[in-house]
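A.B. asks: prediction below, plus the sequence it came from.
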Amino acid sequence: MSTRLERRARKRRRSRGLVVVMAFLLVVSGVLYGAFTLTSGRREPKVAAGRPVTLTVLPGQATREIATELERLGVVDSAGRFRRVAADRGLDGALRPGNYSLTTGMPVDQVLDIMARGPGGIALTIPEGLTQDQIVEKLVTVGRFGRAEVLAAMRDQKLISPYRPKGKPLEGLLYPQTYQITREDTPATVVQAMLDQLQAVLANYDLTTSPGGVRLTPYERVIVASMIEREAKLDADRPKVAAVVYNRLRRNMPLQVDATIQYAWRLRGKVKTKLSLEDLKIGSPYNTYRNTGLPPTPIASPGEASIQAALQPADANWLYYVVVAADGRSAFTADYQQFLRLKEQAKADGVA
């Protein structure tokens, strides 16, 4: 009898042990599955914000398809959220067909506002390297705004830019890209969109570092980027020009950037495509031949390639550069005598 009871007890203990083991395995399996789904479902990093994107919406195209394409292009971060917000706002099925000029990393509500109105606006393209005055002319030629109201918008202190020091103009802070101007827009809303776009682009970068070994404010980085934009003709040369600028700043050498002299003359109403020795003597805080340090403001609106170069300069000891090819390619050197030889060669080749 006791033997039978002992066998039953052992059987119960084995059953309980099996239950415990199975429960443990289930828990472990659940944890592993959860980890797998988290990692396998993790999305790749989205593209950087602020990059121009063109989207074509076809007549009758479903909101689901539009949302999927917006997410694929990086305009919005979630197709599902786009559809939910569209439904909440009563816009599901009400997005208008046409070609849209958008940018990556836009707020969902902003995209919906644009697509609910439709692409009936005027496309305004601001190329890289324009000055504030040239952007004013671009805005006036749209035909929607008068010169006086555009100039008033440029002076509007209520416009928001975290990179604009008090009292400084908007020079260099108006991001170059294509904008859609609608009937509801005013000069102020268009200018604010340009400021917002620069902020979106700069948000992709760490502005607290000291590239080139020089500590500058974000605004001063834009100044550097604006000089790079005007000086470098090829993207490959932009980080190299940045290296020259930072190397000279560290040594307290005049930057000797021709584009700043051209800007100084432009402020006086004179366009100088080629500079004479006499032109280099202009009395101006933008004369980087006479003054050390950075000019007081940017000299143009830089694109992202120049902004990136200002934040990620080449690692080299160059102090000089010369345009040596018809396509705008420059040669770089740390030796003054070699710099003079490069200048002579460029002159002989008809480049300088």
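C.D. replies: It's in.
A.B. asks: tell me who's in contact with Ala225.
C.D. replies: Contact analysis of Ala225 by Cβ atoms under 8 Å, 6 or more residues apart in numbering lists Gly172, Pro298, Pro302, Ser306, Ile307, Ala309, Ala310. (C-beta placed from N, C-alpha, C; glycine too.)
A.B. asks: next SSE after the helix or strand hosting Met115?
C.D. replies: When elements are assigned from DSSP states H and E, Met115 belongs to helix 108-117. Next helix or strand after helix 108-117 toward the C-terminus (DSSP H and E): strand 122-125.
A.B. asks: list the buried residues in that following strand.
C.D. replies: Neighbour-count burial for strand 122-125, counted by 16 or more other Cβ atoms under 10 Å, picks out Leu124.
A.B. asks: if I look at Asn159, how far off is Asp92?
C.D. replies: Actually, residue 159 is Leu rather than Asn. Between Leu159 and Asp92 the computed distance is 34 Å (Cβ to Cβ, to the nearest Å).
A.B. asks: low-confidence ranges, the stretch 51-200 of the chain, go.
C.D. replies: Within the stretch 51-200 of the chain, no range satisfies pLDDT under 70.
A.B. asks: got the residue ranges for the strands in the stretch 51-200 of the chain?
C.D. replies: Along the stretch 51-200 of the chain, counting by DSSP state E, counting those that start in this stretch, strands occupy 52-57, 98-103, 122-125, 178-181.
A.B. asks: got TSV for the ones you listed, with distance to Ala259 too?
C.D. replies: Compiled in TSV, the strands of the stretch 51-200 of the chain are given as follows (distance: least, Cβ to Cβ, whole Å):
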stretch	distance to Ala259
strand 52-57	25
strand 98-103	27
strand 122-125	22
strand 178-181	24
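A.B. asks: sorry, back to before: helices or strands up against the helix holding Met115?
C.D. replies: helix 79-88, strand 98-103 (3 or more Cβ pairs under 8 Å, 6 or more residues apart in numbering; DSSP states H and E).
A.B. asks: tell me the angle the first one makes with helix 108-117.
C.D. replies: Compare the direction of helix 79-88 with that of helix 108-117 by axes from the mean of the first three to the mean of the last three Cα atoms, to 10 degrees and you get 60 degrees.
A.B. asks: what residues of helix 79-88 count as buried?
C.D. replies: Using 16+ other Cβ under 10 Å as the test for burial, helix 79-88 gives Ala79, Phe82, Arg83, Val85, Ala86.
A.B. asks: outline the domain layout of this protein.
C.D. replies: Domain assignment for the chain by automatic domain parsing gives 52-117, 122-202, 212-318.
A.B. asks: as TSV, these with distance to Ala331 would be great.
C.D. replies: Shown next, in TSV, are those (distance: least, Cβ to Cβ, whole Å):
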stretch	distance to Ala331
domain 52-117	32
domain 122-202	22
domain 212-318	10
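A.B. asks: need the winner for burial among those domains.
C.D. replies: Comparing the domains of the chain by mean neighbour count (mean count of other Cβ atoms under 10 Å), domain 212-318 ranks first with a mean of 19.
A.B. asks: and the end-to-end length of that one?
C.D. replies: End-to-end distance for domain 212-318, by Cα to Cα, to the nearest Å: 12 Å.
A.B. asks: which residues does the closest residue to Gly283 other than its chain neighbours contact?
C.D. replies: Nearest residue to Gly283, sequence neighbours excluded (Cβ to Cβ, 6 or more residues apart in numbering): Arg290, at 8.0 Å. Applying Cβ under 8 Å, 6+ apart, we find Arg290 in contact with Pro254, Lys281, Gly283.
A.B. asks: re earlier: and Val271, which of the strands of the stretch 51-200 of the chain is closest to it?
C.D. replies: Nearest to Val271, of all the strands of the stretch 51-200 of the chain, is strand 122-125, at 21.4 Å by Cβ to Cβ.
A.B. asks: which element follows the helix or strand containing Ala243 toward the C-terminus?
C.D. replies: For Ala243, the host element (DSSP H and E) is helix 238-250. Past helix 238-250, further along toward the C-terminus, the next helix or strand under DSSP H and E is helix 258-267.
A.B. asks: in contact with Leu102, which residues?
C.D. replies: Counting by Cβ under 8 Å, 6+ apart, Leu102 makes contact with Pro52, Val53, Thr54, Leu55, Leu70, Leu73, Val75, Val111, Ile114.
A.B. asks: the first one - nearest residue in space that isn't next to it in sequence?
C.D. replies: It refers to Pro52. Gln177 (5.1 Å).
A.B. asks: what of the last one?
C.D. replies: Counting by Cβ to Cβ, 6+ apart, the nearest residue to Ile114 once its immediate chain neighbours are dropped is Tyr100, at 6.5 Å.
A.B. asks: who does that neighbour form a beta bridge with?
C.D. replies: Leu55 (DSSP bridges).
A.B. asks: tell me who's in contact with it.
C.D. replies: Here Tyr100 is in contact with Thr54, Leu55, Thr56, Val57, Ile114, Met115, Pro119, Gln180 (criterion: Cβ under 8 Å, 6+ apart).
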